[in-house]
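> just coords:
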């Protein structure tokens, strides 16, 4: 469904990604892991067309989209949940969710989608009239996921979703990611929580200094001695 071919990315004159090649098949969880500064967030931002100057190709199904602005990529149901959630803190949970259905097609089915999101994430139903900035970190992350789901994505990309969360919410979040995949979504997940990600991922890629250095199934990567040494401390 999503294919990235020989993608380079730059911040000003500094190259941060080097010939990235990856693919995400339909109804698959793909994990993108690596140390701080490896280029994980830059990869997601490059795929959705935000911030970076890029060379290379990004394909969604049979359409090349790397020349499109970010809003046109969202119109094609390619949706990013950014690092640190980026909610509107002085707006209510419900208002944040409704903003996720801003585009014409999601707006037409906003009521039905909202019902599904509140059923999937009952904490948001309980907090719907509460301002988003007053939520706990875990609740804010659920709100960010709910807002993304309101846009009716086909591919959902999550950037460091467990950052700063209590262990209970970390477990809930990974369970939710599996449920979303099982419901038909395709997911590209960036995380430093390497072990958790690769346990649920169908496949994974390891980034190091802006380059992909390993790729395999999630389970196989967990057993790879290089990854164990570098990222799991074993």
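It's in. A quick note: this is a predicted structure, and the numbers were derived from the prediction, not measured.
> what stretches of this protein score poorly on pLDDT?
In the predicted model, the chain carries pLDDT under 70 at residues 230-234.
> which stretches of the chain form helices?
Applying DSSP state H to the chain gives helices spanning 40-48, 70-75, 93-99, 104-108, 110-120, 122-126, 137-149, 167-182, 194-200, 218-223, 225-231.
> Please list the residues outside the third one that contact it.
With contact meaning CB atoms under 8 Å, 6 or more residues apart in numbering, helix 93-99 is reached by 87-88, 91, 110, 114, 117, 124, 127-132, 135, 143, 146-147, 150. Backbone N, C-alpha and C define where each C-beta goes, glycine included.
> picking that back up, can you put the helices of the chain in TSV and add mean neighbour count?
Formatted as TSV, those follow (neighbours: other CB atoms under 10 Å):
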stretch	mean neighbour count
helix 40-48	24
helix 70-75	15
helix 93-99	20
helix 104-108	13
helix 110-120	15
helix 122-126	16
helix 137-149	23
helix 167-182	16
helix 194-200	19
helix 218-223	16
helix 225-231	15
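> Could you dump those helices into CSV with distance to residue 21 added?
Below are the helices of the chain laid out as CSV (distance: least, CB to CB, whole Å):
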stretch, distance to residue 21
helix 40-48, 11
helix 70-75, 19
helix 93-99, 34
helix 104-108, 31
helix 110-120, 33
helix 122-126, 37
helix 137-149, 26
helix 167-182, 22
helix 194-200, 19
helix 218-223, 16
helix 225-231, 19
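> List the residues that contact the residue nearest to residue 132 when sequence neighbours are not counted.
Spatially, and ignoring its direct neighbours in sequence, residue 132 is nearest to residue 87 (4.3 Å; CB to CB, 6 or more residues apart in numbering). Residues in contact with residue 87, defined by CB under 8 Å, 6+ apart, are 96, 132, 133, 140, 143, 144, 147.
> now, among these, which is nearest to residue 46?
Closest approach to residue 46 among the contacts of residue 87 (CB to CB): residue 144, at 20.4 Å.
> Report the separation between that closest one and residue 136.
Residue 144 sits at a distance of 13 Å from residue 136 (criterion: CB to CB, to the nearest Å).
> so what's the residue nearest the centre of the chain bridging to?
Of all residues in the chain, the one closest to the mean position by CA atoms, centre = their mean is residue 158, 1.6 Å from it. On the basis of DSSP bridges, residue 158 is bridged to residue 81, residue 189.
> For it, which residues are in contact?
80, 81, 145, 177, 187, 188, 189, 190, 191.
> State whether the third one and residue 124 are indeed in contact, as I suppose.
Looking back up the chat, that one is residue 145. No: Residue 145 lies out of contact with residue 124 (CB atoms under 8 Å); the separation is 9.2 Å.
> hmm, back to that, for the contacts of residue 158, pick the one with the most neighbours.
Within the contacts of residue 158, residue 189 tops the neighbour count with 29 neighbours, counted by other CB atoms under 10 Å.
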